[in-house]
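In: Sequence first, predicted model second:
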Amino acid sequence: MAYSPDRSSNGYGMAIAGAVAGFLAARVLPPLIAQAGGRLARSDPFDRLAQDHRAILDLIDRLEDAESAANRGILLLRLKRRLTVHALAEEDIVYPLLRQEVGEEQAVKRLYAEHGDIKVHLYVIETLVSGGEASEWRARVEALRDLVAEHAVQEEEVEFPRLRRLLRQDELTVMAGRMQREKALVL
């Protein structure tokens, strides 16, 4: 008679293998992603954030032009993920540096508050995307675009140049690497 493994022991083995794979992916994958982005880490971190701003504004434009509720839903999810990754890098790395190096307490508070306003706009848009009138959600998307655009201009024309002038190239490189690791944590 041929050997046939007991199904219950095979199930436990599969569960253990899955748990180990999940643990390894959670611990190993983010550093590998960050390491793979090592070339990006050598670039100017503020240029990377400005590129994020352009990509976010493009997603907002595409969301505003989307005709179907399904397409709006997909674009909104992409926008939320992109904003989350971007905000995490700014809130955990850039804004504390701005406070520490420049001493701009009020500017930093304003930037954090703007991120909060953006999240509120996203929430309202999400409630309108599937069931709201097109004119209402489009107006909200327009308001979000204006808020994000003003926020981006403030950062790119005022706050980022302040930090860029104060930080040495090696500090910018370290900062870029830290930002890449932060972004890799949001899978």
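Out: That came through fine. Residues are numbered from 1 along each chain as shown.
In: and residue 159, what does it touch?
Out: Contact partners of residue 159, counting by C-beta atoms under 8 Å, 6 or more residues apart in numbering, are 94, 98, 102, 104, 107, 111. Every residue, glycine included, has its C-beta placed from N, CA and C.
In: Look at it and report its pLDDT.
Out: pLDDT, the model's per-residue confidence, is 95 for residue 159.
In: circling back: can I get the contacts of residue 159 in JSON lines including neighbour count, distance to residue 55 and pLDDT?
Out: As requested, the contacts of residue 159 are exported to JSON lines (neighbours: other C-beta atoms under 10 Å; distance: C-beta to C-beta, whole Å; pLDDT from 0 to 100):
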{"residue": "94", "neighbour count": "22", "distance to residue 55": "17", "pLDDT": "95"}
{"residue": "98", "neighbour count": "22", "distance to residue 55": "22", "pLDDT": "93"}
{"residue": "102", "neighbour count": "15", "distance to residue 55": "26", "pLDDT": "87"}
{"residue": "104", "neighbour count": "18", "distance to residue 55": "26", "pLDDT": "82"}
{"residue": "107", "neighbour count": "18", "distance to residue 55": "24", "pLDDT": "92"}
{"residue": "111", "neighbour count": "22", "distance to residue 55": "19", "pLDDT": "96"}
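In: Poorly predicted segments of the protein, please.
Out: 1-42, 130, 132, 187 (pLDDT under 70).
In: Need the residue closest to the centroid of this structure.
Out: residue 85 (1.4 Å; C-alpha atoms, centre = their mean).
In: Report all helices and strands that the helix or strand harbouring it contacts.
Out: Per DSSP states H and E, residue 85 falls inside helix 69-89. Judged by 3 or more C-beta pairs under 8 Å, 6 or more residues apart in numbering; DSSP states H and E, helix 69-89 is in contact with helix 45-65, helix 105-129, helix 169-185.
In: Now do it and helix 169-185, the angle between them.
Out: 140 degrees (axes from the mean of the first three to the mean of the last three C-alpha atoms, to 10 degrees).
In: CA atoms of helix 69-89 as CSV?
Out: C-alpha atoms of helix 69-89 as CSV (Å, rounded to 0.1, in the frame of the first residue of the first chain):
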residue,chain,number,x,y,z
ALA,A,69,-18.2,54.8,-10.4
ALA,A,70,-15.9,51.8,-10.8
ASN,A,71,-13.1,53.8,-12.4
ARG,A,72,-13.5,56.5,-9.7
GLY,A,73,-13.3,53.9,-7.0
ILE,A,74,-10.1,52.4,-8.4
LEU,A,75,-8.5,55.9,-8.9
LEU,A,76,-9.5,57.0,-5.4
LEU,A,77,-7.8,53.9,-3.9
ARG,A,78,-4.6,54.6,-5.9
LEU,A,79,-4.8,58.3,-4.8
LYS,A,80,-5.2,57.3,-1.1
ARG,A,81,-2.3,54.9,-1.2
ARG,A,82,0.0,57.4,-3.0
LEU,A,83,-1.0,60.2,-0.5
THR,A,84,-0.5,57.9,2.5
VAL,A,85,3.0,56.9,1.4
HIS,A,86,4.0,60.5,0.6
ALA,A,87,2.5,61.9,3.8
LEU,A,88,4.3,59.2,5.9
ALA,A,89,7.7,60.3,4.5
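In: No further queries at this time; thank you.
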